[in-house]
Every structure is written in C-alpha cells, then in structure tokens.
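Visitor: sequence unknown, structure follows:
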C-alpha cells in the first residue's frame, strides 16, 4: 500500500513539474503514472549499478555526480514515455531534484 501511495505522490509531483520547470511537459495523469513507475523501477534496478560503475567519479566530486546520474535517468524516462517530455538536460536535472525532494518528504511520512 505504501508503494502505491508513493507512486501516486510522485505522479502528482510529475504533473506539477511543468508549472515550476520550463521544458517539461505532461499530457495527463496516465503518462505521469507511467513515468513515475518507470522512474521508480530505474532508480531501483539501474541506478545502483550505475552508481557502482561511477564510484570513482562520485568520490572525486563528493557525490555530486549522483545528481547528474539522477538527471540522466529522468531525461531517459522523458524520452521513453509518450505524453511526457523533457526538452533540455537542465530541465531534467531540476525536475529530478524536485522529485528527489518530494520522494524524501513522502518517505518521511
């Protein structure tokens, strides 16, 4: 139940992103739900592997390269899901930071 609630919260945050970040577009709730599920799966499966591979860069940049990885994964979701688009990498980076903050707040509750 908690997982479904978190996916819905992230989908609502994705629906709100175009109002705060220029360059992100969402056509409706279904593309937002699909994007939330795919982004969650990528963060669960692919991101740990990428973090292990990029560990030396993360150590050198004191973990800031993890933000770049998160932005790249979010940009990939934008290119993969129909009805959800991200125009620039900067928009993807800012959007992923906002989603990370929403995820963190949702995890607290």
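Guide: Perfect, I can see it now. These numbers were taken from a predicted model, which means no experiment stands behind them.
Visitor: quick one, helices of this structure?
Guide: For the chain, the helices defined by DSSP state H occupy 2-20, 29-53, 55-60, 65-80, 89-108.
Visitor: include mean neighbour count and mean pLDDT when you put these into TSV, please.
Guide: For glycine as for every other residue, the C-beta is placed from the backbone atoms N, C-alpha and C. What follows is these, written out as TSV (neighbours: other CB atoms under 10 Å; pLDDT from 0 to 100):
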stretch	mean neighbour count	mean pLDDT
helix 2-20	16	91
helix 29-53	16	92
helix 55-60	12	93
helix 65-80	19	92
helix 89-108	16	91
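Visitor: dump the residue contacts of residue 17.
Guide: By CB atoms under 8 Å, 6 or more residues apart in numbering, the contact set of residue 17 is 24, 26, 95, 98, 99.
Visitor: swap the cut-off to 7 Å and go again
Guide: 24, 26, 95, 98 (CB atoms under 7 Å, 6 or more residues apart in numbering).
Visitor: which one of these is nearest residue 39?
Guide: Set against residue 39, the nearest of the contacts of residue 17 by CB to CB is residue 95 (10.1 Å).
Visitor: quick revisit: just the contacts of residue 17 now: which is nearest residue 82?
Guide: Taking CB to CB as the measure, residue 82 lies nearest residue 26 of the contacts of residue 17, at 11.2 Å.
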